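S.K.: here is my input, please return the structure:
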Amino acid sequence: MSNRALRGRRLAAVAAVGFLAAGIAACGSSGSSSSGSASGTSSSSGSSATLVMESSPETTMTQNFNPWSTTAPIYGMGADGLIYEPLIQFNLAAPGPTEGKGWYPWLATSYTWGDSGKSITFAIRQGVKWNDGQAFTPADVVYTYNLMKSDPKVNIYGLQISSVSASGNNVTVTFPSAQYANLENIAGLAIVPKHIWSTAGEASAYTDASPVGTGPYVLSNYTSQGFTLVPNKYYWQPVPVKKVYFPAYTTNTAATNALFSGQIVWTGNFIQGLKQNFVDKNPAQHIGWENPGATNVLIPNMTTWPTNQLAVRQAISAAIDRTAIGNQGEDGQEGPISSASGLTTPIFTPWSGSGSQATENLTADPATAASILTKAGYKKDSAGFYALNGKEVSLKIEDPAAYTDYAQDDQIIVSELKAAGINATPNLTSTPAIWTSDLANGNFQLTMHWGNGGITPYNMYDNWLDHTLVQGANTAGDFGRLNSPQVQTYLSTIAADQPGSAQQVTDFQPLLKYVAANLPVIPTVFSAQWFEANSAHFTGWPTQSNPYQTGQPSGSNNGPGTGTDEYVILHLKPVS
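M.R.: Got it, this is the predicted structure:
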């Protein structure tokens, strides 16, 4: 019953005086970007066209395709998901519990739950080969899941595996408790070859320079400026796109200009002014789609004062202007969330039930914030800020300076909190890595963070609230350190329900009411699944009318090293 935080970043591009000044932004379930000059372009046409994918900003790049090395630059670039594959692919643009709506069979042709959700059996696809020509077998699947069971450093999902076994073409994984709602984490795992990894030493430390996967692509060449993937001649499906290039950008301005000038084909970033500066310039070919896959929240540290005080969290929620955050900080691309429970609409509306959706204000309400604090015994000090027993409500909002949308959001929130009598200041870290480390170690007071997408809302709430994810520097969720046995029971109960069932909707209601009443996370705006593309050389992209996938190019949706990019790229067709 666990889920990792999806790694991703976003690029914010601002038009100014004839050129584009850009900065990186925080992400929902997506990858993002930097800048430099791409040596590969999409200027050719037809089947020879190169698909240029732009992704996370990297000043230096290491040739490491380890699908569990979440700090490796390539991990966030989406390339791992074109080399390593999962048993099941998931579609977070159209959640649902049935094949074709929510999930697609992949290295497994089907799955069956057993023992009331405590076991799952996968029918392993036959005739698949690793890109070195060796046969892919159920033994590789067993090896991968046993690796998760034995090594917590690569088990970044926190899968609680009791046993793994094979019988013919079937592989069965068992768990100590029901795991129905945890299908994405279980079946979205990147499967690795036993004949390579069993002799590679410690899996988490393995530098996977020449990756051997079952995916559609193999590494062709690698330089510090970028790397190229070409089709795997042993792949079990047709591969219509014959070359994929991942440029390494070192400044954000050049990356944005490269997208706008057609040098980049596919990216997944927050880009300020996207509609007017990109989509409207060529609406027939320029694609910009932000599917509302989850919810952005302010995460309060539940172990330190003053954010561990309910009245303070309630006052923060009342004081912030969600409409301004969406329109100004997020350029109108992420709309405000009115549900105090944080449930994202419309994508998760079927789970809303009745009576659980207490609402929050969409504009700033400093009077209500002040009333909440006053009733709780807080009084203004000589500086004009609320204090309790002489202890001032002073807090810092921490986010990376590079995530420019979150940095703008934080400035808006700081201004609104001060207007409500709360002494808030922004605390922008110099790098995303420092911020990530601070969250993992609980070294923060308040932070803006995206929510995890999923085929049900379970992944989002589990990642926000599941205290079993707190593992020191390896913490993958529950960054606010909520430690509620009641919430753990709610999550366990939901995990035991069949996804999409009426019972699961019913069992979600106490959890939604708990979040609305206690605000262990404070909802702000929805969390987009960023997707921008240029269809001049490739067609077949997902759209709002055909949401077969979200379109975001990072490989971080479904599992470490696997993601939506593979499913999309196999559906593209070069323009003749």
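S.K.: element containing the spatially most distant residue from the centre of the chain?
M.R.: In the chain, the greatest distance from the average C-alpha position (C-alpha atoms, centre = their mean) is reached by residue 382, at 43.2 Å. Using DSSP states H and E, residue 382 falls within no helix or strand.
S.K.: per-residue pLDDT, it?
M.R.: Residue 382 is assigned 96 on the pLDDT scale.
S.K.: that one and residue 420, how far apart?
M.R.: From residue 382 across to residue 420, the span is 18 Å (C-beta to C-beta, to the nearest Å). (Glycine included, C-beta is placed from N, CA and C.)
S.K.: need the helices for the stretch 51-200 of the chain, in chain order.
M.R.: 138-150, 183-187, 194-197 (DSSP state H, counting those that start in this stretch).
S.K.: same list, those, but as TSV with distance to residue 537 please.
M.R.: Listed next are the helices of the stretch 51-200 of the chain as TSV, based on distance: least, C-beta to C-beta, whole Å:
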stretch	distance to residue 537
helix 138-150	35
helix 183-187	32
helix 194-197	34
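S.K.: residue 493 is nearest to which of those?
M.R.: Residue 493 lies closest, by C-beta to C-beta, to one member of the helices of the stretch 51-200 of the chain: helix 183-187, at 16.5 Å.
S.K.: same for that closest one, what does it pack against?
M.R.: In terms of contacts (3 or more C-beta pairs under 8 Å, 6 or more residues apart in numbering; DSSP states H and E), helix 183-187 is packed against strand 88-90, strand 108-114, strand 119-124.
S.K.: mean confidence score for stretch 324-331?
M.R.: The average of the pLDDT scores along stretch 324-331 is 94.
S.K.: who does the longest strand anywhere in the chain pair up with?
M.R.: Ranked by number of residues, the top strand in the chain under DSSP state E is strand 291-300. Here strand 291-300 is paired, per DSSP bridges, with strand 446-449 (antiparallel), strand 522-529 (antiparallel).
S.K.: on that earlier part again, so which of the helices and strands packed on helix 183-187 is the most packed in?
M.R.: strand 88-90 (a mean of 26; mean count of other C-beta atoms under 10 Å).
S.K.: just to revisit the earlier point, what about the residue farthest from the centre of the chain, distance to residue 390?
M.R.: Computed as C-beta to C-beta, the residue 382 to residue 390 distance reads 11 Å.
S.K.: cool, and residue 401?
M.R.: For residue 401, the distance to residue 390 (C-beta to C-beta) stands at 33 Å.
S.K.: same check on residue 462?
M.R.: From residue 462 over to residue 390 the distance is 39 Å, taken as C-beta to C-beta.
S.K.: same thing with residue 506?
M.R.: For residue 506, the distance to residue 390 equals 46 Å [C-beta to C-beta].
S.K.: domains in this structure, as residue ranges please.
M.R.: Taking automatic domain parsing as the domain assignment, the ranges for the chain are 9-83+216-291+531-574, 88-197, 292-529.
S.K.: mind putting the ones you listed into CSV with distance to residue 204?
M.R.: Converted to CSV, the domains of the chain look like this (distance: least, C-beta to C-beta, whole Å):
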stretch, distance to residue 204
domain 9-83+216-291+531-574, 6
domain 88-197, 4
domain 292-529, 10
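S.K.: so who does the closest residue to residue 159 other than its chain neighbours touch?
M.R.: Of all residues not flanking residue 159 in the chain, residue 148 sits nearest, at 5.2 Å (C-beta to C-beta, 6 or more residues apart in numbering). Contacts for residue 148 (C-beta atoms under 8 Å, 6 or more residues apart in numbering) come out as 154-155, 157, 159, 161, 189.
S.K.: show me just the buried residues among those.
M.R.: 154-155, 157, 159, 161, 189 (16 or more other C-beta atoms under 10 Å).
S.K.: residue 412: which of those residues is nearest?
M.R.: Residue 412 has its nearest neighbour among those in residue 157, at 34.0 Å by C-beta to C-beta.
S.K.: correct me, but the closest one touches residue 185?
M.R.: Yes - with contact defined as C-beta atoms under 8 Å, residue 157 reaches residue 185; the gap is 4.2 Å.
S.K.: can you give me the strands in the stretch 251-400 of the chain?
M.R.: Taking DSSP state E, counting those that start in this stretch, the strands of the stretch 251-400 of the chain run over residues 266-267, 286-288, 291-300, 379-380, 386-388, 391-392, 394-400.
S.K.: same question for the stretch 451-576 of the chain.
M.R.: Assigned by DSSP E, counting those that start in this stretch, the stretch 451-576 of the chain shows strands spanning 522-529, 532-534, 538-539, 573-574.
S.K.: and the stretch 1-150 of the chain, by the same measure?
M.R.: 9-16, 19-26, 51-52, 88-90, 98-99, 102-105, 108-114, 119-124.
S.K.: that older thread, okay, residue 462 and residue 390: which has more neighbours?
M.R.: residue 462 (27 against 7; other C-beta atoms under 10 Å).
S.K.: can you tell me how far that one is from residue 185?
M.R.: Applying C-beta to C-beta, the value for residue 462 to residue 185 is 9 Å.
S.K.: ok, now residue 317?
M.R.: Here the criterion is C-beta to C-beta. By it, residue 317 lies 30 Å from residue 185.
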